[in-house]
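Enquirer: A predicted structure for the sequence below; I have some questions about it.
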Amino acid sequence: MKSWFDRLEHDLQSPLAVRRFGSGWFSGFFALVFAIAGLCLVAALRWPDWFATPELAVVRDWPGFRGAVHALLIGGYALALLSLLLRPRKALGATALVIALCASLLGGANVDARDTGNGGIFFGLDFFAVNMVATGLMFAPIERLFPHRADQRLFRTEWREDLFYYLVSSMLVQIITFLALAPSSWVMTATGGLADFRAAVASQPWPLQFLEVMLLTDLAQYWFHRTFHRVPFLWGFHAIHHSAKSMDWLAGARMHFVEIIALRGVTSLPLLTVGFSPSVMQAYIAFVYIYSSLVHANLRGDFNALGQFLVTPRFHHWHHAIETEAIDKNFAIHFPFLDRLFGTHHLPPSAWPTGYGVPERVPNGYRAQFLYPFRRSRLIAAKTPD
């Protein structure tokens, strides 16, 4: 007997021929997305101390927010019922229906906040829901309409692991932010005499500040990225990101917890210490979330003209390639001229990699991958003959 989760996974991974329009698969899938997002947002409204991100308070206080949550739940209900009517397999529709019902039982969009006194610790369920809906509903259809690899399914191999990485990085946003901002806080404390310089930076035109943020963070990320490729112990962490054998918008979420903290700590230094306006920093953070998904996306198109100036999906796909000539190439996140400047540029005309991954065997599963960098040298030594 298959468990309910096995049935749900089997239904999600149905062959493309079975997912045709009118089969109930699309209505079941979107019902599941809406129901999960709705449940997360209802939980954030009911227990804001535990599950709401303070920075998103302006979104939750927006007059239309509860109406949007209500629409999500109604959409989840309607699409779940449609899937149950159309689809012989009921796992998708039934699961979405149960999740939407749970959200309604918690109080739905009209739920009142409960004071839980959590001591200042929170888990970003609302952050996860907003990211999943905004990014997923943006890129999943684009990848279906304009795929580079037409045979790659939406729920391809290892999708569960990458979705879990996405959940963890969203849920632990407070811890990650606290640890990542520690270097910036120290620099700000030690450089109090630069107030005039920071004021001059903040007085620049907004577009110029945004461009400077892109350039400075990309320069910092380039050397950070290159160091994690060249230092064996650090490569153990970055190998987790490169272990994905398929590239799509969700693959960018696969990143070791330690590397996330280190990367955000490095990139926050120019953001927070030079003096850029808060609105510029907020816009850049939102931009990076979307841009990271874009360059990992399963999206066709060479974009050769644009690729002369900005990193494109094909450029970053070569960074993940298994081809020998592509190893330790294309470290830039925004501007490929950095790779041309430092001798690490590789972009064959109109060509794409034949595959992705790393030559070493990285274990499956979040727990095993979390421990892998600390066990890597011992595992490699055990496999190497005398």
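Expert: Yep, that arrived. Numbers count the residues shown, from 1 in each chain.

Enquirer: going forward, measure contacts between C-alpha atoms and count neighbours the same way
Expert: Noted.

Enquirer: Gly24 - nearest residue in space that isn't next to it in sequence?
Expert: Of all residues not flanking Gly24 in the chain, Ser83 sits nearest, at 4.3 Å (C-alpha to C-alpha, 6 or more residues apart in numbering).

Enquirer: any idea of the mean pLDDT in stretch 376-386?
Expert: Taken as a whole, stretch 376-386 has a mean pLDDT of 68.

Enquirer: quick one: buried residues of the lengthiest helix in the chain?
Expert: Using DSSP state H to define each element, the chain has its longest helix at helix 206-230. Of all the residues in helix 206-230, those buried under the rule 16 or more other C-alpha atoms under 10 Å are 209-210, 212-222, 224-226, 228-229.

Enquirer: who touches it?
Expert: Residues outside helix 206-230 that contact it (C-alpha atoms under 8 Å, 6 or more residues apart in numbering): 201-202, 234-235, 237-238, 263, 266-268, 270-271, 276-277, 280-281, 284, 328, 331-335, 338.

Enquirer: can you say which of those are buried?
Expert: 201-202, 234-235, 237-238, 263, 266-268, 270-271, 276-277, 280-281, 284, 328, 331-335, 338.

Enquirer: for Val231, grab phi and psi.
Expert: For Val231, the backbone dihedrals (degrees, to the nearest 10) come out as phi -90, psi 120.

Enquirer: that one and Ile322: what is the separation?
Expert: Val231 is 19 Å from Ile322, where distance means C-alpha to C-alpha, to the nearest Å.

Enquirer: okay, these two: which has more neighbours?
Expert: The residue with more neighbours, out of Val231 and Ile322, is Ile322; 19 against 10, by other C-alpha atoms under 10 Å.

Enquirer: list the contacts of that one.
Expert: Going by C-alpha under 8 Å, 6+ apart, the list of residues near Ile322 reads 353-359.

Enquirer: tabulate the residues you listed (a markdown table), appending secondary structure and distance to His316.
Expert: A markdown table is the format used below for the contacts of Ile322 (DSSP: H, G, I helix; E, B strand; the rest coil; distance: C-alpha to C-alpha, whole Å):
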| residue | secondary structure | distance to His316 |
| --- | --- | --- |
| Pro353 | coil | 10 |
| Thr354 | coil | 14 |
| Gly355 | coil | 13 |
| Tyr356 | strand | 11 |
| Gly357 | coil | 13 |
| Val358 | coil | 15 |
| Pro359 | coil | 18 |
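
Enquirer: looking at the buried ones among the contacts of helix 206-230, which are in strands?
Expert: Judged by DSSP state E, strands contain none of those.

Enquirer: from those residues, which land in helices?
Expert: Going by DSSP H, the helices hold 201-202, 234-235, 237-238, 263, 266-268, 270-271, 280-281, 284, 338 from the buried ones among the contacts of helix 206-230.

Enquirer: which members of the residues you listed are the farthest-apart pair?
Expert: Pairwise distances across these (C-alpha to C-alpha) peak at 36.7 Å, for the pair Ala202 and Trp235.

Enquirer: where does the prediction get shaky in this structure?
Expert: Within the chain, the segments meeting pLDDT under 70 span 1-2, 15-19, 115-122, 174, 381-386.

Enquirer: mind giving me the domain split of it?
Expert: 4-122, 175-383 (automatic domain parsing).

Enquirer: who touches the most centrally placed residue in the chain in this structure?
Expert: Residue closest to the average C-alpha location in the chain (C-alpha atoms, centre = their mean): Ala253, at 3.9 Å. By C-alpha under 8 Å, 6+ apart, the residues touching Ala253 are 162-163, 165-166, 169.

Enquirer: do that again at 10 Å, thanks
Expert: Going by C-alpha atoms under 10 Å, 6 or more residues apart in numbering, Ala253 touches 161-169, 241, 260, 289, 292-293, 296.

Enquirer: just to revisit the earlier point, could I get the domains of the chain as a markdown table with distance to Leu137?
Expert: Below are the domains of the chain laid out as a markdown table (distance: least, C-alpha to C-alpha, whole Å):
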| stretch | distance to Leu137 |
| --- | --- |
| domain 4-122 | 9 |
| domain 175-383 | 11 |
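
Enquirer: tell me the most buried of those?
Expert: domain 4-122 (a mean of 19; mean count of other C-alpha atoms under 10 Å).

Enquirer: centre of the chain to that one, how far?
Expert: 19 Å (C-alpha atoms, centre = their mean, to the nearest Å).

Enquirer: so that it lines up with my notes, have the first residue be 14 from now on.
Expert: Done: numbering now begins at 14, and the last item shifts to domain 17-135.

Enquirer: what's the distance between Trp38 and Ala104?
Expert: Taking C-alpha to C-alpha, one finds Trp38 at 10 Å from Ala104.

Enquirer: returning to what we had before: between the ones in helices among the buried ones among the contacts of helix 219-243, which is nearest Phe42?
Expert: Nearest to Phe42 among those: Tyr297, at 30.9 Å, using C-alpha to C-alpha.

Enquirer: re earlier: okay, and the common contacts of Trp38 and Ala104?
Expert: Joint contacts of Trp38 and Ala104 (C-alpha under 10 Å, 6+ apart) are 24-25, 96-97.

Enquirer: could the residues you listed go into CSV alongside distance to Thr108 and secondary structure?
Expert: Putting these into CSV (distance: C-alpha to C-alpha, whole Å; DSSP: H, G, I helix; E, B strand; the rest coil) gives the following:
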residue, distance to Thr108, secondary structure
Asp24, 11, helix
Leu25, 12, helix
Ser96, 11, helix
Leu97, 10, helix
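
Enquirer: no further questions, thank you.
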